[in-house]
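Asks: Got a predicted model here, sequence first, then my questions.
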Amino acid sequence: MNFMALPTSANGQASQSEASPANETPTQNGAMADASATSISATEAARRQMLELNVRQKDFYESRFDAQQVARVAPERAANAVTNGWSVLRAKLVDLRRATGVEDELYTLHQEWMSDIQDARVLDLGCFAGNHLSLWIAEHCADYTGIDLSEQATAILEAQLRERGLDHARLRTGFSR
């Protein structure tokens, strides 16, 4: 199928009346419309599926946060057995990294790798409550935006950023529906 060049209007948009293929028949046009509708519905279905996943993730992180911060219960109780096992293992690995000095070395290497970020705009996806590196980045960049699903966790990071007077740092929580 050959397509004609699309004339554009003053604002650079293609003209709708001229945006159809050359030599198109009504049957082809109907088939194209059906394919387009299928694509839109598949896109909408994927969008809805992603939103459902985001809701479940948010609920999971908020329940872990509640277990850890509010109820003072071990965070392992807020999840299933596999997640509980991973949480225990991860906590032990973090403790080992701190005890051996590896944690500090990792932060130093990250800081060297990023080098001069004073003019950078940084987006920290999945920032949760932040960590030493999140705070270092926010302190040294021109513009910091942290995004996470957990409102409770980002409130902690927000307080740390405000305590340091980092007015160029912003946090966003949740997701758009």
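Replies: That came through, no problem.

Asks: CA only for contacts and neighbour counts going forward, please
Replies: Fine.

Asks: tell me the domain boundaries of this structure?
Replies: The record's domain parsing of the chain by automatic domain parsing lists 25-100, 103-177.

Asks: For the first one, give the mean pLDDT please.
Replies: If I follow you right, that is domain 25-100. Domain 25-100 comes out with an average pLDDT of 70.

Asks: what ranges do the helices span in the chain?
Replies: Taking DSSP state H as the criterion, the chain carries its helices at 26-65, 81-100, 102-114, 132-140, 151-163.

Asks: Same list (these) but as a markdown table, adding mean neighbour count and distance to Asp124.
Replies: Listed next are the helices of the chain as a markdown table, based on neighbours: other C-alpha atoms under 10 Å; distance: least, C-alpha to C-alpha, whole Å:
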| stretch | mean neighbour count | distance to Asp124 |
| --- | --- | --- |
| helix 26-65 | 13 | 17 |
| helix 81-100 | 12 | 21 |
| helix 102-114 | 13 | 14 |
| helix 132-140 | 17 | 8 |
| helix 151-163 | 17 | 12 |
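
Asks: Redo these as a markdown table? Include distance to Arg170.
Replies: What follows is the helices of the chain, written out as a markdown table (distance: least, C-alpha to C-alpha, whole Å):
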| stretch | distance to Arg170 |
| --- | --- |
| helix 26-65 | 19 |
| helix 81-100 | 27 |
| helix 102-114 | 20 |
| helix 132-140 | 9 |
| helix 151-163 | 8 |
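
Asks: and Thr173, which of these is closest to it?
Replies: Nearest to Thr173, of all those, is helix 151-163, at 5.6 Å by C-alpha to C-alpha.

Asks: what angle sits between the closest one and helix 132-140?
Replies: Inter-element angle recorded for helix 151-163 and helix 132-140: 40 degrees (by axes from the mean of the first three to the mean of the last three C-alpha atoms, to 10 degrees).

Asks: Mind giving me the packing neighbours of helix 151-163?
Replies: Counting contacts by 3 or more C-alpha pairs under 8 Å, 6 or more residues apart in numbering; DSSP states H and E, helix 151-163 is packed against helix 26-65, strand 169-173.

Asks: count of residues packed around the closest residue to Ile156 other than its chain neighbours?
Replies: For Ile156, ignoring the flanking residues on the chain, the nearest one in space by C-alpha to C-alpha, 6 or more residues apart in numbering is Ala129 at 5.6 Å. Using other C-alpha atoms under 10 Å, Ala129 has 20 other residues around it.
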